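Peer 1: After the sequence you'll find the predicted model.
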Amino acid sequence: MADCYLCGERAVFRTEDGPLCAKHFSKWYEDGVAAAIKRYDMIHAGDRVCVGFSGGKDSTVLLTVLCRLNLDCELVAVTVDEGIGGYRDDTILAAKDTASRLGVEHRIVSFTDVCGKTLDELLENSPQAACSVCGTLRRRALNRAAREMEANSIATGHCLDDESQSVVMNYLRGDVTRATASFNSNSAELFIPRIKPLCRSSERATVAYGLCNNLLVPLPECPYTRYALRKDVRTWLGKLEYAKPGTLTRIADGQEELLSRMPKSEVVTELGRCEKCGEPTANRLCAACQQLERLM
Ligand SMILES: [Zn+2]
Ligand SMILES: [Zn+2]
């Protein structure tokens, strides 16, 4: 690659404006995250932000960048241990290590604590349901931990690629409710709002940032990935992005434009508490407890 257009050092990443060296690329990446936080009004002075911290590459970059940006907020981190054999132990060690290096208060909650079984045990007879079961239980565990830690928001490491994949997946599933995000409920204080500070940063740039800053340790891939629709969509969009750069950003921009034209839903869903676990829900049982009833 050519030299950094700002200082002439060896470049490591090519941006739209030109190639950048490790130092200038890192600054460019952090500025991009700061701009997204501002653009979507994600973090306010005095906030307590709970980072959903798996210990994987995206959330490690997220936690590091949030620390380096010196925002006027407090950061805490929560790792959910799903109980996935041969995969989770290493990432949890990496998470502990990073949190203590950054001096961030860190809590680990496990599926065994919240439902008595590991994900592997729950999925014994239906591994193809992995991502949906895991996602629902993880969301509940994270929401509860963030509430107990008195956080105002939950920050997740979803990057531009994840966001664009989700948009396309909603269409592939015909899931209009999710595609239009028209859900409106009375119970904001029970559901801790989600923020995604990396939502405008590509996965490629996020990995490059991790490499330039020695944040990445080689970790195994989740063994359930092979059952996920996301895997096919990821490969397909990756090819399109390579052939037509900017595709991922255009999908995210299009979705944002679509949502801005949607009238806010008039129907307010009255939420109560789940009979079993007390988490907010519009039904007798929350989505997580319904999943558990089917599986146990
Ligand atoms: Zn430079
Ligand atoms: Zn429940």
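Peer 2: Arrived safely. Residues are numbered from 1 along each chain as shown. Ligands and ions are numbered 1, 2, ... in the order given.

Peer 1: what's the neighbour count on residue 22?
Peer 2: 18 (other Cβ atoms under 10 Å). All C-beta spots, glycine's among them, are computed from the backbone N, C-alpha and C.

Peer 1: Can you tell me the number of residues neighbouring the closest residue to residue 15 other than its chain neighbours?
Peer 2: Closest residue to residue 15 apart from its sequence neighbours, by Cβ to Cβ, 6 or more residues apart in numbering: residue 28 at 6.1 Å. Neighbour count for residue 28, taken as other Cβ under 10 Å: 16.

Peer 1: do the one 4 residues further on as well
Peer 2: The burial metric for residue 32, expressed as a neighbour count using other Cβ under 10 Å, is 20.

Peer 1: sec struct for it, please.
Peer 2: Look at residue 32: counting by DSSP: H, G, I helix; E, B strand; the rest coil, its state is helix.

Peer 1: that older thread, so for the residue nearest to residue 15, what pLDDT did the model give?
Peer 2: In this model, residue 28 is scored at 98, pLDDT.

Peer 1: so where does it fall, helix or strand?
Peer 2: Using DSSP states H and E, residue 28 falls within helix 22-39.

Peer 1: now for that helix, which elements pack on it?
Peer 2: strand 11-15, helix 57-68, helix 203-212 (3 or more Cβ pairs under 8 Å, 6 or more residues apart in numbering; DSSP states H and E).

Peer 1: chain center to the last one: distance?
Peer 2: Helix 203-212 sits 16 Å away from the centroid of its parent chain (Cα atoms, centre = their mean, to the nearest Å).

Peer 1: which residues touch it?
Peer 2: 12-13, 22, 25-26, 29, 32, 57-58, 60-61, 65, 159-162, 198, 215-216 (Cβ atoms under 8 Å, 6 or more residues apart in numbering).

Peer 1: can you check the first one too?
Peer 2: Contacts of strand 11-15 with the rest of the structure, by Cβ under 8 Å, 6+ apart, involve 1-5, 19-22, 25, 28, 205, 208, 212.

Peer 1: How about stretch 86-98, which residues are buried there?
Peer 2: Buried residues in stretch 86-98, counted by 16 or more other Cβ atoms under 10 Å: 87-88, 91-92, 94-96, 98.

Peer 1: Leaving out sequence neighbours, find the closest residue to residue 32.
Peer 2: Closest to residue 32 by Cβ to Cβ, 6+ apart is residue 201, at 5.5 Å.

Peer 1: Format the helices and strands packed on helix 22-39 as JSON lines; extra columns: mean pLDDT and mean neighbour count.
Peer 2: Shown next, in JSON lines, are those (pLDDT from 0 to 100; neighbours: other Cβ atoms under 10 Å):
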{"stretch": "strand 11-15", "mean pLDDT": "95", "mean neighbour count": "18"}
{"stretch": "helix 57-68", "mean pLDDT": "96", "mean neighbour count": "22"}
{"stretch": "helix 203-212", "mean pLDDT": "95", "mean neighbour count": "19"}
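
Peer 1: near ligand 2, which residues of the protein?
Peer 2: By Cβ under 5 Å from the ion, the residues of the chain that approach ligand 2 are 274, 276-277, 279, 286, 289.

Peer 1: mind listing what the residue in the stretch 51-200 of the chain positioned nearest to ligand 2 touches?
Peer 2: Across the stretch 51-200 of the chain, the shortest distance to ligand 2 (Cβ to the ion) belongs to residue 140, at 7.0 Å. Contacts for residue 140 (Cβ under 8 Å, 6+ apart) come out as 114, 277, 279, 286-288.

Peer 1: The same query, at a cut-off of 7 Å, please.
Peer 2: By Cβ atoms under 7 Å, 6 or more residues apart in numbering, the residues touching residue 140 are 279, 286, 288.

Peer 1: how deep is the second one tucked in, by neighbour count?
Peer 2: So the one you mean is residue 286. Residue 286, neighbours per other Cβ under 10 Å, totals 25.

Peer 1: Quick one: list the elements packing against the helix or strand of the chain with the lowest mean pLDDT.
Peer 2: The least trusted helix or strand in the chain, going by mean pLDDT, DSSP states H and E, turns out to be helix 176-180, with a mean of 80. Where contact means 3 or more Cβ pairs under 7 Å, 6 or more residues apart in numbering; DSSP states H and E, helix 176-180 is packed against helix 160-173.
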